[in-house]
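Peer 1: One predicted model, sequence on top.
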Amino acid sequence: MDGPGELYGMQRVHFIAIGGSAMHNLAIALPQKGFEVTGSDDEIFEPSRSRLDRLGLLPASMGWHPEDITRELDAVILGMHARADNPELIKARELGIPVFSYPAFFHEQTKDKTRVVIGGSHGKTTITSMIVHVLRAAGTDFDYLVGAQLEGFDCMVRLGAKSQVAVIEGDEYLASTLEPVPKFHLYKPGIALISGIAWDHINVFRTFASYVAQFARFIDLIEPGGKLVYCAEDPEVKRLADERKGRKEVEQIPYGVPPHVIRDGVTCLQTSLGEVPLGIFGKHNLMNLEGARHVCHQLGIGDREFYAAITSFTGAAKRLEKLAERGGKVVFKDFAHSPSKLKATVDAVREQYPGRRLTACMELHTFSSLSDNFLDQYAGCMDGADTAIVFYDPHAVQLKRLPPIPLERIREAFGRADLQVYTSPIELMGAVRSGAKGDGALLMMSSGNFGGIDLEAMAEAYTA
């Protein structure tokens, strides 16, 4: 069997920092295509650890082992959290072994295919997941790289020998210490989508203008004859697209919120083919769906086939994921942590459950959200909730070497005098339980874990 390894002259590959979310998925995918894979890391967490172990890819011991880097390797793939002084990286460079970031390696393996790259500050995982879901239902042979686990998929990276299309979630964070450029600059799309732009990763992009410039560059990297699918309801994205209308070799395809109605708690699309009931809700998700529909059109999937498949899409992991529902109570968890994601998620649950008391809880967890000079970006983003709660773990602040945040500073930034702020997981659980009276919706939003809270148990207690 000819796999990408044989096809491009690479068979033995070593991963430095193999435990990362995308890194370990790529490591799992490669042996299926003829690669010999080894890896190293200083620490590997679940679920990466168990998944690597099950396939015999877990390093025998944690740490860096330069003696394992030999001329027998065809390539080294470098994870983002590996530093420039990593001893394995130094050895690889001394021996002249090709070193790739994972996006550069993925591009190398798909350079003869049509690459669909989904970018944007929010929604890119969901849109990528929708496209993958529809293409799979259509029986299409395609490669993919997705940042979240999808139901029915064992691995979120695939590289096939015969596929002609690659669907890629295009993150704007930096690729590696040797390649400090946004990951989505390395894929060079034939079809690109931008869902929206809202300042993020302020530890790298110190100003909003420098952040926006990364998306401008992404558009400019679309291959001649390519397509730009973009959300015309986002003013910054629309401005970038309008500035490039003179580039005739790239076709622009705008989209917005499609017609829809909510019936008995179910959102239905109103289409020329009739009403289409969905397993997702919220205007941001409907825009995501519309973007995915346009991309699928470019890949030969018509509306009838698209709508038939999308009705069974229930969302990517941690994106408005329902944890529990009983009687008039429902609990969701969501990955939202940036201001724009927070507001969109709160508003979506409010619209879907207008008669229920909405308790929204978010965790300040990322470098951006814990930075004093960024906090004011959160003004008004939780106004749609009846009860708004913010949690942060002082230990996370220490790890990121940031100064402590006074509780009043957080209330001031969010613009709610009634904002509840907690730094203790026990106090947070007590506050949530005390609000579980009558019909209600609970929304837990974070890219962290609320100081170790068992959200499944909390959801069960809330809906009891």
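Peer 2: Ah, there it is.

Peer 1: gap between residue 91 and residue 43?
Peer 2: Relative to residue 43, residue 91 is positioned 21 Å away (CB to CB, to the nearest Å). The way it works is simple: take the backbone N, C-alpha and C, and place the C-beta from them, glycine included.

Peer 1: same question, residue 317
Peer 2: To residue 43, residue 317 is 22 Å away according to CB to CB.

Peer 1: between these two, which one's more packed in?
Peer 2: Counted by other CB atoms under 10 Å, residue 317 and residue 43 do not tie: residue 317 has more neighbours, with 15 against 10.

Peer 1: surely the more buried one meets residue 152?
Peer 2: No: counting by CB atoms under 8 Å, residue 317 does not reach residue 152; the two are 11.9 Å apart.

Peer 1: Quickly run through the sheet partners of the longest strand along the chain, with directions.
Peer 2: When the chain is parsed with DSSP state E, its longest strand is strand 357-364. According to DSSP bridges, strand 357-364 has the following sheet partners: strand 387-392 (parallel), strand 440-445 (parallel).

Peer 1: a markdown table for these, including distance to residue 210 and mean pLDDT?
Peer 2: Converted to a markdown table, those look like this (distance: least, CB to CB, whole Å; pLDDT from 0 to 100):
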| stretch | distance to residue 210 | mean pLDDT |
| --- | --- | --- |
| strand 387-392 | 26 | 94 |
| strand 440-445 | 26 | 94 |
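
Peer 1: For residue 281, find the nearest of those strands.
Peer 2: Residue 281 lies closest, by CB to CB, to one member of those: strand 440-445, at 11.7 Å.

Peer 1: Return the distance of the closest one from the chain's centre.
Peer 2: Remark: strand 440-445 is offset 20 Å from the chain centroid, using CA atoms, centre = their mean, to the nearest Å.

Peer 1: Now the element after that strand, going C-ward?
Peer 2: Using DSSP states H and E, the helix or strand that directly follows strand 440-445 along the chain is helix 455-463.

Peer 1: now for that following helix, which elements pack on it?
Peer 2: In terms of contacts (3 or more CB pairs under 8 Å, 6 or more residues apart in numbering; DSSP states H and E), helix 455-463 is packed against strand 321-326, strand 329-334, helix 425-434, strand 440-445.

Peer 1: just to revisit the earlier point, would you mark the buried spots in the longest strand of the chain?
Peer 2: Across strand 357-364, burial judged by 16 or more other CB atoms under 10 Å covers 357, 358, 359, 360, 361, 362, 363, 364.

Peer 1: Please identify which helix or strand holds the residue nearest to the fourth one when sequence neighbours are not counted.
Peer 2: Of all residues beyond its chain neighbours, the one nearest residue 360 is residue 385 (3.6 Å), with distances taken as CB to CB, 6 or more residues apart in numbering. If you go by DSSP H and E, residue 385 is not part of any helix or strand.

Peer 1: isn't residue 385 right up against residue 444?
Peer 2: No: using CB under 8 Å, residue 385 makes no contact with residue 444, being 12.0 Å away.

Peer 1: Tell me how far the residue sitting nearest the centre point of the chain lies from residue 315.
Peer 2: Nearest to the mean C-alpha position of the chain, by CA atoms, centre = their mean, lies residue 125 at 4.2 Å. Residue 125 sits 10 Å away from residue 315, taking CB to CB as the criterion.

Peer 1: Only alpha carbons, please: show the helix or strand containing residue 77 as CSV.
Peer 2: Using DSSP H and E, residue 77 sits in strand 75-78. Extracted in CSV, the C-alpha atoms of strand 75-78 (Å, rounded to 0.1, in the frame of the first residue of the first chain):
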residue,chain,number,x,y,z
ALA,A,75,11.7,14.0,9.6
VAL,A,76,11.1,15.6,13.0
ILE,A,77,7.8,17.2,13.8
LEU,A,78,8.1,20.0,16.4
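
Peer 1: now that strand, how far from the centre of its chain.
Peer 2: For strand 75-78, the distance to the chain centre is 23 Å (CA atoms, centre = their mean).

Peer 1: residue ranges with poor pLDDT in the stretch 1-150 of the chain?
Peer 2: 1-10, 149 (pLDDT under 70).

Peer 1: hey, where'd the strands end up in the stretch 101-250 of the chain?
Peer 2: 114-119, 143-145, 157-158, 165-169, 191-194, 227-231 (DSSP state E, counting those that start in this stretch).

Peer 1: What are the contacting residues of the lengthiest helix in the chain?
Peer 2: Criterion DSSP state H: the longest helix present in the chain is helix 283-298. Under the contact criterion CB atoms under 8 Å, 6 or more residues apart in numbering, helix 283-298 has outside partners 116, 118, 122-123, 126-127, 130-131, 134-135, 191, 193, 195, 227, 229, 231, 233, 253, 255-258, 260, 267, 269, 278, 280, 303, 306, 310, 315, 320, 344-345, 347-348, 351.

Peer 1: Now do it against strand 227-231, angle only.
Peer 2: 160 degrees (axes from the mean of the first three to the mean of the last three CA atoms, to 10 degrees).

Peer 1: what mean pLDDT does helix 283-298 have?
Peer 2: When pLDDT is averaged over helix 283-298, the result is 96.

Peer 1: three-state assignment of the closest residue to residue 271 other than its chain neighbours?
Peer 2: Closest residue in space to residue 271, ignoring its immediate chain neighbours: residue 307 at 6.5 Å, by CB to CB, 6+ apart. Secondary structure state of residue 307, per DSSP: H, G, I helix; E, B strand; the rest coil, is helix.

Peer 1: Return the per-residue confidence for residue 307.
Peer 2: 98.

Peer 1: what's the neighbour count on it?
Peer 2: Counted with other CB under 10 Å, residue 307 comes out at 20.

Peer 1: My read is that it contacts residue 273, right?
Peer 2: Yes: with contact defined as CB under 8 Å, residue 307 and residue 273 form a contacting pair (6.2 Å).

Peer 1: shared neighbours of those two, anything?
Peer 2: Joint contacts of residue 307 and residue 273 (CB under 8 Å, 6+ apart) do not exist.

Peer 1: between the strands paired with strand 357-364, which gets nearest to residue 25?
Peer 2: Closest to residue 25 of the strands paired with strand 357-364, according to CB to CB: strand 440-445, at 24.2 Å.

Peer 1: So what touches the closest one?
Peer 2: Contacts with strand 440-445, where a contact means CB under 8 Å, 6+ apart, come from 323, 328-337, 341-342, 345-346, 349, 353, 356-363, 385, 432, 435-436, 450, 455, 458-459, 462.

Peer 1: now swap in stretch 207-223 and tell me
Peer 2: 117, 119, 170, 172, 182, 184-185, 188-190, 192, 194, 197, 199-202, 205, 228, 236-237, 240-241, 243-244, 250.

Peer 1: can I get the helices and strands packed on helix 455-463 in a markdown table with distance to residue 211 and mean neighbour count?
Peer 2: Putting these into a markdown table (distance: least, CB to CB, whole Å; neighbours: other CB atoms under 10 Å) gives the following:
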| stretch | distance to residue 211 | mean neighbour count |
| --- | --- | --- |
| strand 321-326 | 28 | 15 |
| strand 329-334 | 22 | 24 |
| helix 425-434 | 31 | 16 |
| strand 440-445 | 22 | 25 |
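
Peer 1: would you list those in JSON lines and tack on distance to residue 178?
Peer 2: Shown next, in JSON lines, are those (distance: least, CB to CB, whole Å):
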{"stretch": "strand 321-326", "distance to residue 178": "35"}
{"stretch": "strand 329-334", "distance to residue 178": "34"}
{"stretch": "helix 425-434", "distance to residue 178": "38"}
{"stretch": "strand 440-445", "distance to residue 178": "34"}
